[in-house]
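[1] need the 3D shape of this:
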Amino acid sequence: MGIKSFKPVTPSLRNTELLTNEEITKSSPERKLLAPLKKNAGRNSYGRITVRHHGGGNRRKYRIIDFKRNKVDMEATVIGIEYDPNRTANIALIEYEDKERAYIIAPLGLKDGDKVISSDKADIKIGNCLPISSIPVGTMIYNIELHKGQGAKLVRSAGMSAQLMAKEGKYAHVRMPSGEMRLILVDCRACIGQVGNLDHENVSLGKAGRKRHMGIRPTVRGSVMNPVDHPHGGGEGRAPVGHAGPMTPWGKPALGYKTRKSKHRTDKYIIKRRNKK
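    I've put the predicted structure just below:
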């Protein structure tokens, strides 16, 4: 999928770069696979804002994605590739031999009319779903389960892929997109290939209004607030932060601060941390 730019006939179009959407072949969603999506503008049950900068945005329905792929040994045909407003990746509508339809995350290279299957003995082909024990070492995979039967939890966003590095006993060594090396049970399922919509990271929205359409409200800089409202606030004119490093509104370090617990129960499954040799 390519990127298109525009003639700068307005200030916002000068900086706008959007997707050409060549992969998308189906414009309207499957009505039976839609679910209502309620907005809460970042508020909890008491009506208090617990997540800042949420609110407004265009109305949208949730597309029910089949992350489990538990319709085993039944071939399905790809009917169309669709846009999903709830995720960065595109989705593919598939129809099984018994005429049941489902949505799956669309991998790179999947086209209308292609056949996909979820099976222990499936071919190593884009879009097929297999247990990790049946996938050859070195294969690029996505849509990876963490626990058998719970559905895919890892590597689901646009352009992402992990690599199966080794298999040892009941665990497989998988290199995640972040560079982290992780142990995953070989009974867990994964899909072959790489998530599509590679150019999503190159999109430039061009104007503030598009951010509002996505349900994201403006962010006020801490340096223009008063000291009572933010650690960066106060001072005469444009004052520096006044701390060793940037801070959140609640006084916690904002950059380079590790938020993961030092003794997390899943540490034993991480062989190598990301960004470390």
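[2] which residues touch the residue most central in space within the chain?
    The residue lying closest to the centre of the chain (CA atoms, centre = their mean) is Ser157, at 2.9 Å. By CB atoms under 8 Å, 6 or more residues apart in numbering, the contact list for Ser157 reads Arg87, Thr88, Ala89, Val195. Every C-beta, even on glycine, is put in place using the N, C-alpha and C of the backbone.
[3] could you report the distance from the second one to Lys261?
    By that I understand Thr88. 28 Å (CB to CB, to the nearest Å).
[4] those two: which is more packed in?
    Neighbour totals were compared for Thr88 and Lys261, and Thr88 leads with 15 against 9 (other CB atoms under 10 Å).
[5] so what's the more buried one closest to, chain neighbours aside?
    Ala158 (3.8 Å; CB to CB, 6 or more residues apart in numbering).
[6] that neighbour: neighbouring residues, count only.
    21.
[7] that one contacts Ala89, doesn't it?
    Yes: counting by CB atoms under 8 Å, Ala89 is a contact partner of Ala158 at 4.7 Å.
[8] overlap of the contact sets of the two?
    Joint contacts of Ala158 and Ala89 (CB under 8 Å, 6+ apart) are Val195, Gly196, Asn197, His200.
[9] got CSV for those residues, with pLDDT, secondary structure and neighbour count too?
    Below are the shared contacts of Ala158 and Ala89 laid out as CSV (pLDDT from 0 to 100; DSSP: H, G, I helix; E, B strand; the rest coil; neighbours: other CB atoms under 10 Å):
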residue, pLDDT, secondary structure, neighbour count
Val195, 94, strand, 25
Gly196, 90, coil, 24
Asn197, 90, coil, 27
His200, 93, helix, 18
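[10] tell me the one among those residues nearest to Glu97.
    Gly196 (24.5 Å; CB to CB).
[11] need the nearest residue in space to that closest one, chain neighbours excluded.
    Leu108 (4.4 Å).
[12] first-to-last residue distance for stretch 107-115?
    13 Å (CA to CA, to the nearest Å).
[13] tell me the contacts of the residue nearest to Gly196?
    Taking CB under 8 Å, 6+ apart as the test, what Leu108 contacts is Ile126, Gly193, Gln194, Val195, Gly196, Leu198.
[14] coming back round to it: could the contacts of Ser157 be laid out in a markdown table, adding distance to Arg14?
    Output for these, formatted as a markdown table (distance: CB to CB, whole Å):
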| residue | distance to Arg14 |
| --- | --- |
| Arg87 | 29 |
| Thr88 | 25 |
| Ala89 | 29 |
| Val195 | 31 |
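[15] could you export the residues you listed as JSON lines, including secondary structure?
    Formatted as JSON lines, those follow (DSSP: H, G, I helix; E, B strand; the rest coil):
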{"residue": "Arg87", "secondary structure": "coil"}
{"residue": "Thr88", "secondary structure": "coil"}
{"residue": "Ala89", "secondary structure": "coil"}
{"residue": "Val195", "secondary structure": "strand"}
